[in-house]
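Visitor: Kindly generate the corresponding structure for this input.
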Amino acid sequence: MVSTFFSPFKDREVTLGEQVEVYRNLHVPDGYSIRSVKSKLVLERGRSLFLKQKRPSN
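Guide: Residues are numbered from 1 along each chain as shown. Okay, the predicted model is just below:
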């Protein structure tokens, strides 16, 4: 997934449909990190983001 707001961390990238956790990164001024739910590894870092949640199917 190509992101204009985030940059890959250690050559890792978020893939479409992957479950992630987003948190404020206190080591980077105004920064956020995206972490994989499965591996708990940081995938990307950035300063702004747009989140879209998949709607549950009934």
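
Visitor: and the nearest residue to V37 once chain neighbours are set aside, how many neighbours does it have?
Guide: In space, and not counting its chain neighbours, V37 is closest to Q19: 4.1 Å by C-beta to C-beta, 6 or more residues apart in numbering. C-beta coordinates here come from the backbone N, C-alpha and C atoms, glycine included. As a burial measure, Q19 scores 8 neighbours (other C-beta atoms under 10 Å).

Visitor: Quick one: residues contacting Q19.
Guide: Going by C-beta atoms under 8 Å, 6 or more residues apart in numbering, Q19 touches 36-38.

Visitor: separation between it and Y32?
Guide: Per C-beta to C-beta, to the nearest Å, Q19 is found 16 Å from Y32.

Visitor: same check, this time on N25
Guide: Using C-beta to C-beta, we find N25 at a distance of 6 Å from Y32.

Visitor: which residues do these two both contact?
Guide: R45.

Visitor: What is the end-to-end distance of stretch 43-52?
Guide: Stretch 43-52 has its terminal residues 17 Å apart, counting by C-alpha to C-alpha, to the nearest Å.

Visitor: And that stretch, what's buried?
Guide: Across stretch 43-52, burial judged by 16 or more other C-beta atoms under 10 Å covers 43-46.

Visitor: Please dump those residues into a markdown table; it should also carry secondary structure, pLDDT and distance to R12 for every row.
Guide: A markdown table is the format used below for the buried residues of stretch 43-52 (DSSP: H, G, I helix; E, B strand; the rest coil; pLDDT from 0 to 100; distance: C-beta to C-beta, whole Å):
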| residue | secondary structure | pLDDT | distance to R12 |
| --- | --- | --- | --- |
| L43 | strand | 89 | 5 |
| E44 | strand | 87 | 7 |
| R45 | strand | 86 | 10 |
| G46 | strand | 84 | 13 |
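
Visitor: from what I can see Y32 touches V22, true?
Guide: Yes. If you go by C-beta atoms under 8 Å, Y32 and V22 touch, sitting 5.9 Å apart.
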